[in-house]
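Colleague: Give the three-dimensional model of this entry:
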Amino acid sequence: MTLKSPFYRAAILFPLFLSLAGVAPSSLSGQNGQAGAIPHGTAIQSIQTLQEKEANSQLTRDNSSQVMSPEQRRKASFENMKRDVDELADLVKALQEELRKANENILSRGIVDKADKIGKLAKKIKGAARGS
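Modeller: Numbers count the residues shown, from 1 in each chain. Next up, the predicted model:
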């Protein structure tokens, strides 16, 4: 079964990503709406952190033209996977923040885009874990 609508994909994949980030779905709807709240400015810090990680990964890719031993490749792959998992957690937290701010009748395009990016990153991590 293929879900063509990004909304349905996001609705199905969102709980998976929350579990990967260690956020319980019940914490999204706390008693007073404040449970598990992310401090103001965290989204900006997450964006800056993501930009720094992207710059660092670009440098790593430029330096990776050297021939590496299998052990060095495994270590580099593992380090990249750890960075990707950190980025995934940051994206999930940012998505969670946007969902808290969103209206139940209107979801922004940014929410759908973030959910798609999370799905792609999760697929990348899954592929790296399998060794492909």
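Colleague: Remind me what the helix or strand hosting D90 packs against, helices and strands.
Modeller: Using DSSP states H and E, D90 sits within helix 70-101. Contacts defined by 3 or more C-beta pairs under 8 Å, 6 or more residues apart in numbering; DSSP states H and E place helix 70-101 against helix 6-21, helix 42-63, helix 109-130. Glycine gets a C-beta too; all of them are placed from N, C-alpha and C.
Colleague: Buried residues, it. List them.
Modeller: Residues of helix 70-101 classed as buried under the neighbour-count rule (16 or more other C-beta atoms under 10 Å) are 80-81, 84-85, 87-99.
Colleague: so for stretch 54-71, what's the average pLDDT?
Modeller: Taken as a whole, stretch 54-71 has an average pLDDT of 68.
Colleague: Tell me, how many residues neighbour L107?
Modeller: Counted with other C-beta atoms under 10 Å, residues neighbouring L107 total 16.
Colleague: before we move on, the earlier item: just the angle for the helix holding D90 relative to helix 109-130, thanks.
Modeller: Here helix 70-101 runs at an angle of 160 degrees relative to helix 109-130 (axes from the mean of the first three to the mean of the last three C-alpha atoms, to 10 degrees).
Colleague: Start the count at 385 instead of 1 going forward.
Modeller: Understood, numbering begins at 385; the last thing we discussed is helix 454-485.
Colleague: List the contacts of K498.
Modeller: K498 sits next to 475, 478-479, 482 when contact means C-beta atoms under 8 Å, 6 or more residues apart in numbering.
Colleague: Might you list the low-confidence residue ranges for the protein?
Modeller: 385-432, 434-435, 439-449, 516 (pLDDT under 70).
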